[in-house]
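> Here's a sequence, model it:
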Amino acid sequence: MAPGIETKLEEIEESYEQVAAELAAPDVAADPDRLRDLGKRFAELQDVVVPYREYKALSTQAREARELAKGEADPEMAAYFHDEAERLDARVAELRGRLELLLVPTDPDEGKDLILEIRAGAGGQEAALWAGDLLEMYRRLADRHRWKTDVIASSPSDLGGFKEVSLEVRGPDAYGRLRYEAGVHRVQRVPVTESQGRIHTSTATVAVMPEAEEVEVDLKPDDLKIEVYRSSGPGGQSVNTTDSAVRIVHKPTGIKIEMQEERSQLQNREKAMRYLRARLYQLALDEAHAKEAAVRRAQLGTGERSEKIRTYNYAEGRVTDHRIKHTSHQLQDVLAGGEELDGFADRLLAAERAAQLSRDGGS
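Numbering: from 1, shown residues only. You can find the predicted model right below:
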């Protein structure tokens, strides 16, 4: 364990002992408010101190077992001490990982549902096809995790794919795993429209926005311009004889949301409002994170739409994540939303955790 982290754990243990001593003081029992606050603090510290003390005790036992194995003349006893040291080392490693997780502050948006927005970037029609491929990749990932998905807004392109499409994803840990997908996804492949077999490079941008509750985003009626109109399909042809489509403009920011996926005007309006709240919440998050931009760039990048995060190379069957310099040669499994795509999320989470621990431990 890094020295900075060890120091932090020692400080937490010292605080735990101080709080325990205060709780035992006679005057605290006569002060209900202080007793309640100290009890809460004691429980929080105990969640870290108990595994830390077990970690220290088992680390000592593992070291002693290794020393006994080295000094033992009897091969059977030496093998026994060696196996015991390995067993203890495994438990120590498990506790170390648990302690590191406990020291990393949790994302306040963890556990929320989200809206995943995909926009075709550079590359014309091929970029729109690529945006469609990314949509299917995330849908398959969601199916495997048993998350529920719903396309809440889309702008199909004439030859297939999407100019832009928004997917609502609902399920435990969905935001925690998908938040690393924000940024520019670059594809290198031969487009279906390419007659000479040349490889083209196209991009699509992904934004990941946690859904916001009404209490988190205050939408004032005077700030909204709401219009209804008839739904239209590709090429502009009408697909509905009633004014079921909804357009909402948030006047202060100029954000415009158009919704026509449902046949009911009420359903389209409800979806548009959820989408608008998510966009405004993300805008507030971006502003709040502006002060931390330098730190975030030094860790895993900003997650901004202008930043290339991943390249998918069809000719070589590889996917490279540029934030963690990791390459997988299982392109098809990634595109199928398989475990290889989860592997990227796991590595990004580990890198983020290590960066946070390094920063906090060194401060």
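
> packing partners for the helix or strand where residue 118 lies?
Applying DSSP states H and E as the criterion places residue 118 in strand 114-120. Applying 3 or more C-beta pairs under 8 Å, 6 or more residues apart in numbering; DSSP states H and E, one finds that strand 114-120 contacts helix 125-145, strand 162-170, helix 174-178, strand 200-210, helix 265-289. Every residue, glycine included, has its C-beta placed from N, CA and C.

> Nearest to residue 189, out of these?
For residue 189, the closest of those is strand 200-210, at 7.1 Å, according to C-beta to C-beta.

> Tabulate the helices and strands packed on strand 114-120 in a markdown table, adding columns for mean neighbour count.
Listed next are the helices and strands packed on strand 114-120 as a markdown table, based on neighbours: other C-beta atoms under 10 Å:
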| stretch | mean neighbour count |
| --- | --- |
| helix 125-145 | 20 |
| strand 162-170 | 21 |
| helix 174-178 | 22 |
| strand 200-210 | 21 |
| helix 265-289 | 18 |
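
> Quick one, which of the ones you listed gets closest to residue 193.
For residue 193, the closest of the helices and strands packed on strand 114-120 is helix 125-145, at 6.4 Å, according to C-beta to C-beta.

> partner strands of whichever helix or strand comes after the closest one, parallel or antiparallel?
With elements assigned by DSSP H and E, the helix or strand that comes after helix 125-145 is strand 148-156. Using DSSP bridges, the strands paired with strand 148-156 in its sheet are strand 162-170 (antiparallel).

> How far does the strand it pairs with sit from its chain's centre?
Distance of strand 162-170 from the chain centroid (C-alpha atoms, centre = their mean, to the nearest Å) equals 17 Å.

> Now do it, average pLDDT.
Averaging pLDDT along strand 162-170 gives 92.

> and that strand with strand 114-120, angle?
170 degrees (axes from the mean of the first three to the mean of the last three C-alpha atoms, to 10 degrees).

> and strand 162-170 with helix 265-289, angle?
On the basis of the same axes, to 10 degrees, strand 162-170 is oriented at 90 degrees to helix 265-289.

> which SS state does residue 309 fall under?
Three-state call for residue 309 (DSSP: H, G, I helix; E, B strand; the rest coil): strand.

> Could you report the neighbour count for it?
Using other C-beta atoms under 10 Å, the number of residues around residue 309 comes to 25.

> Next: residue 149.
By the measure other C-beta under 10 Å, the count of residues near residue 149 is 19.

> hang on, the earlier thing: can you list the helices and strands packed on strand 114-120 in TSV and add distance to residue 184?
Below are the helices and strands packed on strand 114-120 laid out as TSV (distance: least, C-beta to C-beta, whole Å):
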stretch	distance to residue 184
helix 125-145	11
strand 162-170	14
helix 174-178	16
strand 200-210	5
helix 265-289	16
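
> closest one to residue 308 among those?
For these, proximity to residue 308 was assessed by C-beta to C-beta; strand 200-210 is nearest, at 7.5 Å.

> Strand partners (parallel or antiparallel) of that closest one?
Neighbouring strands of strand 200-210 in its sheet, by DSSP bridges, are strand 114-120 (antiparallel), strand 183-189 (antiparallel).

> If anything else comes up later, I'll come back, but that's it for now.
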